[in-house]
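In: need a 3D model of the sequence below.
(2 chains)
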Amino acid sequence: RKEVEQDPGPFNVPEGATVAFNCTYSNSASQSFFWYRQDCRKEPKLLMSVYSSGNEDGRFTAQLNRASQYISLLIRDSKLSDSATYLCVVMNSGGYQKVTFGTGTKLQVIP
Amino acid sequence: DGGITQSPKYLFRKEGQNVTLSCEQNLNHDAMYWYRQDPGQGLRLIYYSQIVNDFQKGDIAEGYSVSREKKESFPLTVTSAQKNPTAFYLCASNKGWATEAFFGQGTRLTVV
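Out: The predicted structure is shown next:
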């Protein structure tokens, strides 16, 4: 089983739609979680951190479910500019911190 | 301005040659990472380093080598032993435990 798994998509949604992505992780000791956005041929950039209590930033909501070992990202009122690949990131615990990325979920928002 | 810088942005090399990719950060970050990304694929961890003079293999370390002689610098050497070196290489750093990672703009390596 991969350490971090995501549905690669693509998710093709119309403008204004709500879309949700999940990301599962295998290491129950994982401590920190993030969502990154990557545009084509660019470096990933931090979208938001994922806290145990969940967090919201405008149209974006991130949640963590430790019992089922997954994190989620909800995008409301999708814009054309949201089209990108969304990567989930998991940081493990232990002596050496390891940052593991999911393979990404591609979102295409259609006019 | 603080940031993480990779150079060069594009690199072409002949098959069988070793090549070194530069990664420098002035963010005073302790940890640094190297990832490889192939077209349509996710990021795969090559090497990572938590402190100076110490580094750990990631998931795909074969054919690569690194050094961490200074906190600011974490160069990656792609050796001739790497069978498919053509890829997009990304360097990242973070302050330490549980903090977000920041990326350089990447180096696109093409081996011909």
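
In: nearest to chain B: which residue in chain A?
Out: Going by CB to the nearest CB, chain B is nearest to residue A:103 of chain A, at 3.1 Å. Quick note: C-beta positions are derived from backbone N, CA and C, even for glycine.

In: OK, contacts around that residue?
Out: A:5-6, A:8, A:87, B:41-42 (CB atoms under 8 Å, 6 or more residues apart in numbering or on different chains).

In: and those, which two are furthest apart?
Out: Within the contacts of residue A:103, A:5 and B:41 form the most distant pair, 13.8 Å apart (CB to CB).

In: neighbour count winner among these two?
Out: Of the pair residue A:5 and residue B:41, residue A:5 is the one with more neighbours under other CB atoms under 10 Å in any protein chain shown, namely 16 against 13.

In: mind checking how far the more buried one is from residue A:20?
Out: Here the criterion is CB to CB, to the nearest Å. By it, residue A:5 lies 16 Å from residue A:20.

In: for residue A:77, same thing?
Out: As defined by CB to CB, residue A:77 lies at a distance of 13 Å from residue A:20.

In: got it, and residue A:42?
Out: As defined by CB to CB, residue A:42 lies at a distance of 24 Å from residue A:20.

In: and what of residue B:102?
Out: Applying CB to CB, the value for residue B:102 to residue A:20 is 26 Å.

In: the more surrounded of those two?
Out: Counting neighbours by other CB under 10 Å for residue B:102 and for residue A:20 shows that residue B:102 has the greater number, 20 against 12.

In: how about the more buried one, nearest residue that isn't a chain neighbour?
Out: Nearest residue to residue B:102, sequence neighbours excluded (CB to CB, 6 or more residues apart in numbering or on different chains): residue B:4, at 5.6 Å.

In: tell me who's in contact with the one you found.
Out: Taking CB under 8 Å, 6+ apart, one finds B:23-25, B:27, B:29, B:91-93, B:102-104 in contact with residue B:4.

In: need phi/psi at it.
Out: Residue B:4 has phi and psi values of phi -120, psi 130 when expressed as degrees, to the nearest 10.

In: give the bridge partners for it, please.
Out: Assessed by DSSP bridges, residue B:4 has beta-bridge partners residue B:25.

In: can you tell me how far it is from residue B:98?
Out: Shown here: residue B:4 relative to residue B:98, a distance of 19 Å by CB to CB.

In: near chain B, which residues of chain A show up?
Out: Counting by CB under 8 Å from any CB of the partner chain, the positions of chain A adjacent to chain B are A:6, A:31-32, A:34, A:41-46, A:49, A:87, A:89, A:91, A:96-104.

In: turn the buried ones among the residues you listed into a named PyMOL selection, would you?
Out: A single PyMOL command suffices to select whichever of the residues of chain A next to chain B are buried according to 16 or more other CB atoms under 10 Å in any protein chain shown:
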select buried, chain A and resi 6+32+34+43+44+49+87+89+91+97+98+99+100+101+102+103+104
